[in-house]
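*Asks:* structure of the sequence below:
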Amino acid sequence: MKNTSNILFYIRRFRANKDGKAPIYLRITIQGKRAELTTNRFVIPEKWSVEAQGMKGTGEEARTLNTFLTSLRNKVLQHINSLELQNVEVTAETLRQAVLGLDQEQHTLVELFDYHNLRMKSLVGKDFAIGTYKRYVVTLGKVEAFLKHQFNKTDILLSDLNHAFISNFEFYLKTHDELENNTAMKYIKNVKKIIRIALENEWIDKDPFIRFRCTYKDPKRPYLTKEELEALINKEFTMSRLTLVRDSFIFSCFTGLAYSDIEQLTQDDIKIGIDGEKWITIYRKKTDTRSSIPLLPPVMELIEKYRNHPETIKNKTLLPMISNQKSNAYLKEIATLCQIDTYLTFHVARYTFATAVTLSNNVPIETVSRMVSHTSIKTTQIYSKVVDSKVSNDMKNLKLRLGFQPHATIVENAV
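*Replies:* As a prediction, this is how the structure comes out:
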C-alpha cells in the first residue's frame, strides 16, 4: 500500500519571541497520523502566507527563508523515498526522527539537567539557596537511576519523553525508592522544570506533562500542644547542650523561623516596627522572601539571656546555635526527658508557631502566612491545623452571640 503523505508548514503565533516573530513548524502527516517538529526559523506573523507556505515578499530575508523551507520539504520527500526503497515502514514519527537526526541537534534529558544544575550552582547565594541546588542534584541522580532500571540506559532523548515516562518515573519513586507521595511529587516537579526549559528552547514540540498532574496529599504536621510547650519551657536541664537546643527550639516556637534563619540572626535584624515595638525583619534564606515578626516576651528573654554568651559575641549572632544535625539529635533526648511523645525535630517548632501559638489564639491565617513568609495561604494551611480546643472555644462563643445558654453536661445532670 502506497503511503499517502502531506507536508505542511505553519506558524504558532502564541509562541512569538520578544521580537514579535512566531516559530515556523513542519507538520508531517502519513496515513492520517501526524508528527510535528520545529524548523528553528521565525517570521513576523503578518508576513506569513498560509497559501504559499512561506514568507511574503521578494526581499533577501523572504528569499532566504523560503529557500530553506523548500529545501527542507525536499529532504522530507527524499527521506520518504529512501525509506520506501529500503522496505522500511514509513510513519510520521519515524520520518520525524529521520529529519531531526539530519537537520537538528538532538538534546537529551541528562544533558539538559547537567546544563541546568551547572547554571544553578553558579547562582547559589544570589538567586538560589544551596539547599535548592542540592535537591536538583539529587533529582538528577534519581532520574539516572530510573533510566538504568527502566531502560538500561544512561540517558534519553528529549524527543522520546512522553506521558508514560513520567508515570513510570512516579511509580519507580513510590515503589523502588519507597517515597511518600509528596516527596515523589517534589522530584517530579523538578523534572517538570527541566522539561519547561526544553519547551522554551523549542528542543521538544510536545509537553510530556500536559496530561500529568502533580497531586499532593495533605500531610500530617506534628506540633506541640500548649501543655507540651509549657513543659518544655519550664524544664530544667543539667547539661548545657540540652538547654541551648531547647532555648533555640523555643525561639523558633515563638517566631516561626527555621533553623537556617535563626543561626544567622544578628542584632541588626531587630528593628523598631510600625507599632514602636521590636520586630525581627529578615529575608528568609530558603525563599528569599521578607519575614517580619513582632517579638513576643519569651523571645526577648532569650535574646537577653544570651546577649553576653561567648559564642554570640564571637559570631555576632543572637543565639549560640549548635549544628542542625546535632540539634535534632538532642531534641530526641529533650522529648524523652519532658515526656513528650511527639517526634521532635527543629521544624516541629515552626509548625507549633503556626498552630498552637498563633492560629489557636485567634491570629488570622493571613497574618500567620505573612509572618512565616509563605507566598500562598495554601502553604500555611498545610502547616496550621485548627486544634479541637479552638473549635470548642469558637463554638461556645458562637452560642453566646446567638443567645443560647450553655447546656449542662450529662455528668452534671446525673448528679
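*Asks:* so which residues of the stretch 101-250 of the chain form helices?
*Replies:* For the stretch 101-250 of the chain, applying DSSP state H, counting those that start in this stretch gives helices covering 109-122, 130-151, 163-175, 181-200, 226-234, 240-253.
*Asks:* what packs against the third one?
*Replies:* For helix 163-175, the packing partners by 3 or more CB pairs under 8 Å, 6 or more residues apart in numbering; DSSP states H and E come out as helix 130-151, helix 181-200. (C-beta placed from N, C-alpha, C; glycine too.)
*Asks:* circling back to that earlier point, what's the closest of the helices of the stretch 101-250 of the chain to Ala22?
*Replies:* Nearest to Ala22 among the helices of the stretch 101-250 of the chain is helix 181-200 (14.8 Å), distances taken as CB to CB.
*Asks:* tell me what the top helix by length along the chain is packed against?
*Replies:* The longest helix of the chain (DSSP state H) is helix 60-85. Contact analysis of helix 60-85 by 3+ CB pairs under 8 Å, 6+ apart lists strand 5-11, strand 22-30, strand 33-43, strand 54-55, helix 92-103 as its packing neighbours.
*Asks:* re earlier: between the helices of the stretch 101-250 of the chain, which one is nearest to Gly54?
*Replies:* Across the helices of the stretch 101-250 of the chain (criterion: CB to CB), the nearest stretch is helix 181-200, sitting at 25.7 Å.
*Asks:* give me the buried positions along the closest one.
*Replies:* In terms of neighbour count (16 or more other CB atoms under 10 Å), helix 181-200 has its buried residues at 184-188, 190-192, 194-195, 197-199.
*Asks:* can I get those in TSV including pLDDT and distance to Leu158?
*Replies:* Converted to TSV, the buried residues of helix 181-200 look like this (pLDDT from 0 to 100; distance: CB to CB, whole Å):
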residue	pLDDT	distance to Leu158
Ala184	94	22
Met185	94	22
Lys186	94	22
Tyr187	96	18
Ile188	96	16
Asn190	95	16
Val191	96	12
Lys192	95	13
Ile194	94	9
Ile195	94	8
Ile197	92	10
Ala198	90	5
Leu199	90	9
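*Asks:* now flag whichever of these is closest to Phe249.
*Replies:* Nearest member of the buried residues of helix 181-200 to Phe249, counting by CB to CB, is Lys186, at 25.5 Å.
*Asks:* against Thr29, how distant is the closest one?
*Replies:* 40 Å (CB to CB, to the nearest Å).
*Asks:* before we move on, what about Glu36?
*Replies:* Counting by CB to CB - Glu36 and Thr29 are separated by 10 Å.
*Asks:* ok, Glu366 next?
*Replies:* 54 Å.
*Asks:* most tightly surrounded among the helices of the stretch 101-250 of the chain?
*Replies:* helix 240-253 (a mean of 20; mean count of other CB atoms under 10 Å).
*Asks:* put the alpha carbons of that one into CSV.
*Replies:* In CSV, the C-alpha atoms belonging to helix 240-253 read as follows (Å, rounded to 0.1, in the frame of the first residue of the first chain):
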residue,chain,number,x,y,z
SER,A,240,24.2,23.0,78.9
ARG,A,241,23.9,21.5,75.3
LEU,A,242,20.3,20.5,76.0
THR,A,243,19.5,23.9,77.4
LEU,A,244,20.9,25.6,74.3
VAL,A,245,19.0,23.4,71.9
ARG,A,246,15.8,23.7,74.0
ASP,A,247,16.1,27.5,74.0
SER,A,248,16.7,27.8,70.3
PHE,A,249,13.7,25.5,69.7
ILE,A,250,11.5,27.7,71.9
PHE,A,251,12.8,30.7,70.0
SER,A,252,11.5,29.1,66.8
CYS,A,253,8.2,28.2,68.5
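*Asks:* just checking, what packs against it?
*Replies:* Using 3+ CB pairs under 8 Å, 6+ apart: helix 240-253 touches helix 226-234, helix 259-262, helix 297-305, helix 324-337, helix 346-352.
*Asks:* same question for it, mean pLDDT?
*Replies:* Averaging pLDDT along helix 240-253 yields 95.
*Asks:* quick one: it to helix 324-337, angle?
*Replies:* Relative orientation of helix 240-253 and helix 324-337, computed by axes from the mean of the first three to the mean of the last three CA atoms, to 10 degrees: 100 degrees.
*Asks:* quick check: angle from helix 240-253 to helix 226-234?
*Replies:* Going by the same axes, to 10 degrees, helix 240-253 makes 140 degrees with helix 226-234.
*Asks:* and helix 240-253, how far from the chain's centre?
*Replies:* 30 Å (CA atoms, centre = their mean, to the nearest Å).
*Asks:* where does the prediction get shaky in the stretch 51-200 of the chain?
*Replies:* Applying pLDDT under 70 to the stretch 51-200 of the chain flags the ranges 86-88, 92-94, 96-106.
*Asks:* related to what we said a few turns ago, out of the helices and strands packed on helix 163-175, which comes closest to Pro294?
*Replies:* helix 130-151 (27.5 Å).
*Asks:* according to the record, where do the domains of this structure fall?
*Replies:* 5-103, 109-200, 226-390 (automatic domain parsing).
*Asks:* what about Ile250, distance to Ile334?
*Replies:* Taken as CB to CB, the span from Ile250 to Ile334 is 11 Å.
*Asks:* give me the common contacts of the two.
*Replies:* Leu232 (CB atoms under 8 Å, 6 or more residues apart in numbering).
*Asks:* in stretch 24-43, which residues are buried?
*Replies:* Buried, per 16+ other CB under 10 Å, within stretch 24-43: 24-30, 35-39, 41-43.
*Asks:* surely Asn324 meets Tyr259?
*Replies:* Yes: between Asn324 and Tyr259 there is a contact at 4.9 Å, judged by CB atoms under 8 Å.
*Asks:* give me the more crowded residue out of those two.
*Replies:* Regarding Asn324 and Tyr259, a neighbour count based on other CB atoms under 10 Å identifies Tyr259 as having more, with 22 against 15.
*Asks:* who's in contact with the more buried one?
*Replies:* Here Tyr259 is in contact with Ser248, Ser252, Met321, Asn324, Ser327, Phe346, His347 (CB under 8 Å, 6+ apart).
*Asks:* between these, which is nearest Lys174?
*Replies:* Using CB to CB, the contacts of Tyr259 come closest to Lys174 at His347, 23.1 Å.
*Asks:* list the contacts of that closest one.
*Replies:* Ala258, Tyr259.
*Asks:* what's the answer for Trp203, then?
*Replies:* With CB under 8 Å, 6+ apart, Trp203 has these contacts: His107, Leu112, Leu158.
*Asks:* I'm done for today, thanks for sticking with me.
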